[in-house]
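J.: make a model of this:
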Amino acid sequence: MSKGRGTRTTDPLGPLTRVVRFLWSVTAVLVAGATVLGAVVGAVNGHPECFRTDLPVVHRDSGARVSEGVRSTIEVENVCIDGPTALERVFGFLDTAPTAFGSAIALLLLLVLLEKASRDGIHTRGTAERVRRLGWFVLVALPAATLVEAVAVGWLLERALPQDLEALALLSQWDVPWWAVVTGVGLLALGKILWTSADMREDLEGTV
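T.: Residues are numbered from 1 along each chain as shown. Got it, this is the predicted structure:
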């Protein structure tokens with residue numbers, strides 16, 4: 001609505017853009033940055049290289065018993081390698097870094113998408129293309145990042161255990177992010193819809 005000297009328009013994407021910018025800052029600085037800093041500090045100070053696995057590495061029997069009909073299992077074990085080599089340091093870094101950096105890049109792509117959609121408009125080919133680009137990244141890059149982490153953990157397990165592990169056991173370390181698959185496909189579909197909408201908009205503008 002117009003009051004006084006003119007009309008002031010509000011950006012409907014503004015609040016969401018500010019939230020995404022905040023989340024990207026937190027992810028880039030606190031998550032990805034902390035991952036790099038932790039790896040550097042651990043290498044400089046000679047800390048053990050630790051990683052987590054859901055495979056039964058050590059069989060424990062503390063003597064504790066649960067009630068009849070109750071079962072208790074250890075879901076995740078923390079394994080540490082004392083005096084790791086440089087290559088083990090690298091694979092230890094790859095245990096967590098890909099997802100952290102992948103999430104930061106995905107949020108950056110989303111931030112650029114929102115900022116340019118706010119400036120150029122939603123129903124444009126540029127916006128549609130950026131939505132599709134984000135969809136492909138989420139669909140391919142994020143599952144690939146978790147696969148790299150699974151391979152890194154599997155390699156570290158091979159170094160940490162005296163016995164060889166089966167390929168299926170190592171593959172079980174891969175926790176597929178199905179949310180990324182569903183979200184990526186949804187973004188690709190949305191990008192196609194926006195592309196069609198942009199074409200219809202151009203056709204309408206051409207007939208006016």
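
J.: okay, CA-based contacts and neighbour counts for the rest of this
T.: Will do.

J.: who does the single longest helix found in the chain touch, helix- and strand-wise?
T.: Longest helix of the chain, by residue count under DSSP state H: helix 178-207. Applying 3 or more Cα pairs under 8 Å, 6 or more residues apart in numbering; DSSP states H and E, we find helix 178-207 packed against helix 125-136, helix 142-160.

J.: any idea which of those helices scores lowest on pLDDT?
T.: By mean pLDDT, the lowest-scoring of these turns out to be helix 142-160, with a mean of 88.

J.: now stretch 84-92: buried residues?
T.: Residues of stretch 84-92 classed as buried: Pro84, Glu88, Arg89, Phe91, Gly92 (neighbour count, 16 or more other Cα atoms under 10 Å).

J.: looking at these, which are in helices?
T.: Going by DSSP H, the helices hold Glu88, Arg89, Phe91, Gly92 from the buried residues of stretch 84-92.

J.: please work out which residues outside stretch 29-46 touch it.
T.: Outside of stretch 29-46, the residues within contact range by Cα atoms under 8 Å, 6 or more residues apart in numbering are Pro48, Glu49, Gly83, Arg89, Phe93, Thr96, Ala97, Ala100, Phe101, Ala104.

J.: swap in 7 Å and give it another go.
T.: Gly83, Phe93, Ala97, Ala100, Phe101 (Cα atoms under 7 Å, 6 or more residues apart in numbering).

J.: what's the answer for stretch 148-164, then?
T.: Around stretch 148-164, the neighbours that count as contacts under Cα under 7 Å, 6+ apart are Ile81, Glu88, Phe91, Gly92, Leu94, Asp95, Thr96, Pro98, Leu165, Leu170, Gln173, Trp174.

J.: export it as PDB, just CAs?
T.: Output of stretch 148-164 as PDB, limited to C-alpha atoms (Å, rounded to 0.1, in the frame of the first residue of the first chain):
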ATOM      1  CA  VAL A 148      33.700 -40.800   0.700                       C
ATOM      2  CA  GLU A 149      33.300 -40.700   4.500                       C
ATOM      3  CA  ALA A 150      32.300 -44.400   4.500                       C
ATOM      4  CA  VAL A 151      35.300 -45.300   2.400                       C
ATOM      5  CA  ALA A 152      37.600 -43.400   4.700                       C
ATOM      6  CA  VAL A 153      36.200 -45.200   7.800                       C
ATOM      7  CA  GLY A 154      36.500 -48.500   6.000                       C
ATOM      8  CA  TRP A 155      40.100 -47.900   5.200                       C
ATOM      9  CA  LEU A 156      40.900 -46.800   8.800                       C
ATOM     10  CA  LEU A 157      39.200 -50.000  10.000                       C
ATOM     11  CA  GLU A 158      41.300 -52.100   7.800                       C
ATOM     12  CA  ARG A 159      44.400 -50.500   9.300                       C
ATOM     13  CA  ALA A 160      43.100 -50.700  12.900                       C
ATOM     14  CA  LEU A 161      42.000 -54.400  12.900                       C
ATOM     15  CA  PRO A 162      44.200 -57.400  12.600                       C
ATOM     16  CA  GLN A 163      41.600 -59.300  10.500                       C
ATOM     17  CA  ASP A 164      40.300 -58.400   7.100                       C
END
